[in-house]
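Asker: how would this look folded up:
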Amino acid sequence: MTHRQHNIEDIQLARELLSPPGDTLLETLEAFEMSQQELAERTFLRYS
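Answerer: I've put the predicted structure just below:
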């Protein structure tokens, strides 16, 4: 995967995770049926 493709995927993920004001990250993750672990892996963060 090229650097450009990686950046495009990051932007697409960020857009998908945007939520209306007042929503929490947990509510957004639940709506996408995504775990905190999966979010961390997709955003290159470590989850402990």
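Asker: Distance from the chain centre to the least confident helix or strand in the chain by mean pLDDT, please.
Answerer: When each helix and strand of the chain is scored by mean pLDDT, DSSP states H and E, helix 3-17 comes last, with a mean of 75. For helix 3-17, the gap between its own C-alpha mean and the chain's C-alpha mean amounts to 9 Å (CA atoms, centre = their mean, to the nearest Å).
Asker: Flag every buried residue along it.
Answerer: Leu17 (16 or more other CB atoms under 10 Å). (Glycine included, C-beta is placed from N, CA and C.)
Asker: which residues are contacting that helix?
Answerer: Under the contact criterion CB atoms under 8 Å, 6 or more residues apart in numbering, helix 3-17 has outside partners 28, 32, 39, 42-43.
Asker: so how far is Glu9 from Asp23?
Answerer: Between Asp23 and Glu9 the distance is 23 Å, computed by CB to CB, to the nearest Å.
Asker: no wait, Ser19
Answerer: Taking CB to CB, one finds Ser19 at 19 Å from Glu9.
Asker: give me the element Leu29 is part of.
Answerer: Here Leu29 sits within helix 25-31, counting by DSSP states H and E.
Asker: tell me what the helix or strand following that helix is packed against?
Answerer: Using DSSP H and E, the helix or strand that follows helix 25-31 in sequence is helix 36-42. Helices and strands touching helix 36-42, as assessed by 3 or more CB pairs under 8 Å, 6 or more residues apart in numbering; DSSP states H and E, are absent.
Asker: thinking again about what came up before, show residues contacting the helix holding Leu29.
Answerer: 17, 19, 35-36, 39.
Asker: No more questions from me, cheers.
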